[in-house]
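Peer 1: below is the sequence, then the predicted model.
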Amino acid sequence: MKLVLLFGPQAVGKMTVGQELAKITELKLFHNHMTIDLLEPFFGFTPEMWRLTDLFRGEVFKTFSKSDQYGMIFTFVWAFNKKSDWKYVDKTCRIFRAEGAEISFVELEADVEERLKRNKTPNRLEQKPTKRNIKQSEENLLSSMQTLRLNSEAGEIKEENYLRIDNTERSAAEVAAMIKSRFNL
């Protein structure tokens, strides 16, 4: 069993890279908006929606990690300055490691101008209904930069299977090929 944790700031290309990686491997893509966009119409962006999102994801992780599937790609935004996000990553990794999974950490980064362009791509808007209000999505992307640190600092991630990619000038297919090669997927 393999788990690829694919993280980085909003609109950096996590889902799109995940889609490309799923095409060239046997990994299944579980992007973070699959749960968010399921629950948001019922609860809005409320504490209850986030509680249920965590419950759903946890149950998917537990069940999937015990399956005979090859592996999963999970995408998410990791706020490195929030202890709760570090605990969430640890909890997720413990679920998979308990079943003997090999975990690869892949961090994406891109400049804000590129991320603002990607925030409006047809694929993103099709796959993520809560991002269709582009003005609100852009405001969230920009305002989060004031309070959240969404890329790690050098040496902060201590995992052996770790790869950081600046994908500002790289296609999703190119990044996916880099990930596949680096981790022998």
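Peer 2: Structure's in. What do you need?
Peer 1: centroid residue for the protein?
Peer 2: Nearest residue to the geometric centre of the chain (CA atoms, centre = their mean): residue 75, 1.7 Å.
Peer 1: if you skip the residues just before and after it, what's nearest to that one?
Peer 2: residue 14 (3.9 Å; CB to CB, 6 or more residues apart in numbering). Quick note: C-beta positions are derived from backbone N, CA and C, even for glycine.
Peer 1: which strands and helices sit next to the helix or strand containing residue 105?
Peer 2: According to DSSP states H and E, residue 105 maps onto strand 102-109. Here strand 102-109 touches strand 2-7, helix 83-97, strand 162-166, helix 172-182, going by 3 or more CB pairs under 8 Å, 6 or more residues apart in numbering; DSSP states H and E.
Peer 1: can you name the next helix or strand after the helix or strand of the chain with the lowest mean pLDDT?
Peer 2: The least trusted helix or strand in the chain, going by mean pLDDT, DSSP states H and E, turns out to be helix 122-127, with a mean of 78. The helix or strand immediately downstream of helix 122-127 is helix 134-147, counting by DSSP H and E.
Peer 1: ok so, going back, does the residue nearest to residue 75 touch residue 4 like I think?
Peer 2: No: distance between residue 14 and residue 4: 10.6 Å, which falls outside the contact criterion (CB atoms under 8 Å).
Peer 1: can you pull the contacts of residue 40?
Peer 2: Going by CB atoms under 8 Å, 6 or more residues apart in numbering, residue 40 touches 49, 129-130.
Peer 1: just the buried members of these?
Peer 2: For these, a burial check counting by 16 or more other CB atoms under 10 Å picks out residue 49.
Peer 1: and the contacts of residue 40 as TSV, adding distance to residue 87 and pLDDT?
Peer 2: Output for the contacts of residue 40, formatted as TSV (distance: CB to CB, whole Å; pLDDT from 0 to 100):
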residue	distance to residue 87	pLDDT
49	19	95
129	28	77
130	24	76
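Peer 1: which of the contacts of residue 40 lies closest to residue 63?
Peer 2: For the contacts of residue 40, the closest approach to residue 63 (CB to CB) belongs to residue 49, at 21.4 Å.
Peer 1: state the distance from that closest one to residue 175.
Peer 2: The gap separating residue 49 from residue 175 is 30 Å, by CB to CB, to the nearest Å.
Peer 1: so for stretch 62-73, mean pLDDT?
Peer 2: Over the span of stretch 62-73, the pLDDT mean works out to 98.
Peer 1: still on that earlier bit, residue 71 is nearest to which of the helices and strands packed on strand 102-109?
Peer 2: strand 2-7 (3.2 Å).
Peer 1: report all helices and strands that whichever helix or strand comes after that closest one contacts.
Peer 2: Counting by DSSP H and E, the next helix or strand C-terminal to strand 2-7 is helix 14-24. Helix 14-24 sits against strand 2-7, strand 28-31, strand 71-76, helix 122-127, helix 172-182, with contacts defined as 3+ CB pairs under 8 Å, 6+ apart.
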